[in-house]
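Student: could you look at this predicted model? Sequence included:
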2 protein chains.
Amino acid sequence: MERRDLHAPGREPRAGDRPEPEGGLARITLGTQVYDALRDLLIAGGLAPGERLSLRTVAERLGTSMMPAREAVSRLVADEALEVLPNRAVRVPVITLDKFRELTRVRIAVEGFAAAEAARAVGPGALAAIQAHDAAFRHEVRSPEPDLERAMRANRDLHFAVYEAAGLPSLVAIIEGLWLRIGPVLNLDMRSSPRRLAEGGAQAHHAALVAALAAGDAEGARAALSADIAGSAAFIETTGRLAP
Amino acid sequence: MERRDLHAPGREPRAGDRPEPEGGLARITLGTQVYDALRDLLIAGGLAPGERLSLRTVAERLGTSMMPAREAVSRLVADEALEVLPNRAVRVPVITLDKFRELTRVRIAVEGFAAAEAARAVGPGALAAIQAHDAAFRHEVRSPEPDLERAMRANRDLHFAVYEAAGLPSLVAIIEGLWLRIGPVLNLDMRSSPRRLAEGGAQAHHAALVAALAAGDAEGARAALSADIAGSAAFIETTGRLAP
DNA sequence: TGCCGTGATCTGTGATCACACTTAGGCTGG
DNA sequence: CCAGCCTAAGTGTGATCACAGATCACGGCA
């Protein structure tokens, strides 16, 4: 919370900020908005592992009272994306090496299944979108001056486009929960040593994944995605930033 | 909320009810207690699909103020175990047939993976516990007057003993989230037509599952558990209580 | 100089109040 | 007798206050 502004650019929400009845069909509560803001920060690596949060700080930073912040943080704690220490302090969990390996195994199983289902269910439109994200990612990492932020966003968009193509929304929700927990460590390490991107391991896995999806090869898609996750995890482990 | 008391038997929590510092190491907040109470009700079928909840009613029923109820309901809504209608009314979601089938597919994938891992990782102690739950379930359904409540609890204990034997806590948490969502419909239908228990389909699947676990046969365990879930789901579909 | 005690400050949690909104029931006017 | 409005009760959401506990820095004693 120290380093980034949670606001959307140019938007400055205030406490009594509901002049128009929000037009849309579904009502978006302030608590949900704060939740989404924190969630995006976590997945994008805007919050480092071990970083402490304060309900009052979050609330003030977003221009709301403490209540929406409470609800958002409470939900994130329930998702284990945040944790409250016995001191009552809230912080981004510091993942231990064992926990990281466990999460990686679960990811390979769950996301691998999603990729396999996607290979069976993907349509031409979704496939085109996936290929676009793949191209964007490849273009970014091959650029002479790669933009880390954009590359990781393209990577995320590619993955979730695949998962959504499986046609199982509950599965996507589960995967989002997993990304919420590995996001901080993954992004932090990527940020600290961007050479991983240039190595091209991810590109190769992505290419194999897209090819398998296009061919309707479920097991091929599962294998490619598993290799992608495993490769990324192996890199993270070598950086040694994980707690013992 | 109309039909059951959320209190543990003989326990009557009151608002200012913290004379002793709760002894334990981790502090259990009131919000978490309410969450656990509602969660158990949902998994055990104490709340029917479509049933409406009210924060004030929940709070009063548990002897707390509205705040802990808010937090608990908010978390359950985040888990999709409850839903808030555009009217701002909170109710147990009414699962559609398509959604039920989707959840079943995800369950087979995720819980099947857990069973396979359990076959690889289970130790003698955990295996004994699993066998005990299996025996309890078999004893209950073979009894001349089966106690539905006890049978379903034994079934749940058996399943989760297997999942925990996999040694992947994050996976167990995911599965709990899934059970939270199918619990109401599953329990309701079981309650309305208990003959399913007597048919013995579940017993056979359980026996095959336990045998596979004892033999370290991962794929056998996965197959047995998948068959158990599929059989149960097929039965639920025949009762036709699901929304179109 | 080093260490312990102590108070100010900050934390999350719980309770209470206020508000916009929905909904259901009763009353009035036809 | 029926249809219409319209009030009153009930809803979740947001804000504010109160409080126990933890943290940390400062100051005084040894």
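Tutor: Structure's in. What do you need? Numbering: from 1, shown residues only, chains lettered A, B, ... in the order given.
Student: pLDDT-wise, which helix or strand of chain A ranks last?
Tutor: Scoring the helices and strands of chain A by mean pLDDT, DSSP states H and E places helix A:195-199 at the bottom, with a mean of 65.
Student: need the helices for chain A, in chain order.
Tutor: In chain A, helices defined by DSSP state H lie at A:30-44, A:55-62, A:66-78, A:97-121, A:124-142, A:148-165, A:169-192, A:195-199, A:201-215, A:218-239, listed in chain order.
Student: where does chain A dip in pLDDT?
Tutor: Applying pLDDT under 70 to chain A flags the ranges A:1-27, A:194-200.
Student: what domains does the record give for it?
Tutor: A:1-94, A:97-239 (automatic domain parsing).
Student: out of those, flag the one nearest residue B:46.
Tutor: Counting by Cβ to Cβ, residue B:46 lies closest to domain A:1-94 out of the domains of chain A; the figure is 20.7 Å. For the C-beta atoms, the positions are set from N, CA and C on the backbone; glycine is no exception.
Student: near DNA strand D, which residues of chain A are found?
Tutor: A:15-16, A:29-31, A:64-68, A:71, A:86-89 (Cβ under 7 Å from any atom of the strand).
Student: which of the residues you listed are buried? Put it as a PyMOL command.
Tutor: The buried subset of the residues of chain A next to DNA strand D, as determined by 16 or more other Cβ atoms under 10 Å in any protein chain shown, is captured in PyMOL by this line:
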select buried, chain A and resi 30+31+64+68+71
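Student: do you know which of the helices of chain A lies nearest residue B:168?
Tutor: helix A:97-121 (5.5 Å).
Student: is that closest one anywhere near chain B?
Tutor: Yes. Using Cβ under 8 Å from any Cβ of the partner chain, helix A:97-121 comes into contact with chain B via A:102, A:103, A:105, A:106, A:109, A:110, A:113.
Student: and that helix, what does it pack against?
Tutor: helix A:148-165, helix A:169-192, helix A:201-215, helix A:218-239, helix B:97-121, helix B:169-192 (3 or more Cβ pairs under 8 Å, 6 or more residues apart in numbering or on different chains; DSSP states H and E).
Student: could I get these as JSON lines with distance to residue A:142 and mean neighbour count?
Tutor: Below are the helices and strands packed on helix A:97-121 laid out as JSON lines (distance: least, Cβ to Cβ, whole Å; neighbours: other Cβ atoms under 10 Å in any protein chain shown):
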{"stretch": "helix A:148-165", "distance to residue A:142": "10", "mean neighbour count": "20"}
{"stretch": "helix A:169-192", "distance to residue A:142": "17", "mean neighbour count": "20"}
{"stretch": "helix A:201-215", "distance to residue A:142": "8", "mean neighbour count": "19"}
{"stretch": "helix A:218-239", "distance to residue A:142": "17", "mean neighbour count": "19"}
{"stretch": "helix B:97-121", "distance to residue A:142": "35", "mean neighbour count": "21"}
{"stretch": "helix B:169-192", "distance to residue A:142": "35", "mean neighbour count": "20"}
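Student: center of chain A, which residue is that?
Tutor: Central residue of chain A (Cα atoms, centre = their mean): residue A:43, 3.5 Å from the mean position.
Student: surely it is in contact with residue A:182?
Tutor: No. At 9.2 Å, residue A:43 does not count as touching residue A:182 under the criterion of Cβ atoms under 8 Å.
Student: what residues are shared contacts of the two?
Tutor: Shared contacts of residue A:43 and residue A:182 (Cβ atoms under 8 Å, 6 or more residues apart in numbering or on different chains): none.
Student: quick one: stretch A:59-72 to chain centroid distance?
Tutor: Computed by Cα atoms, centre = their mean, to the nearest Å, the chain-centroid distance of stretch A:59-72 equals 22 Å.
Student: to residue B:232, which of the helices of chain A lies closest?
Tutor: That would be helix A:169-192 among the helices of chain A, by Cβ to Cβ, at 17.4 Å.
Student: phi, psi of residue A:80?
Tutor: Per-residue torsions, residue A:80: phi 60, psi 20 (degrees, to the nearest 10).
Student: my guess is it meets residue A:181, correct?
Tutor: Yes. At 5.9 Å, residue A:80 and residue A:181 qualify as touching, with contact defined as Cβ under 8 Å.
Student: now for residue A:175: which residues touch it?
Tutor: A:107, A:110, A:111, A:114, A:160, A:163.
Student: nearest to residue A:153, of the residues you listed?
Tutor: Ranked by distance to residue A:153 (Cβ to Cβ), the contacts of residue A:175 are led by residue A:160 at 10.7 Å.
Student: with adjacent residues omitted, what lies nearest to the closest one?
Tutor: With Cβ to Cβ, 6 or more residues apart in numbering or on different chains as the criterion, residue A:160 has its nearest non-adjacent residue at 7.0 Å, and that residue is residue A:172.
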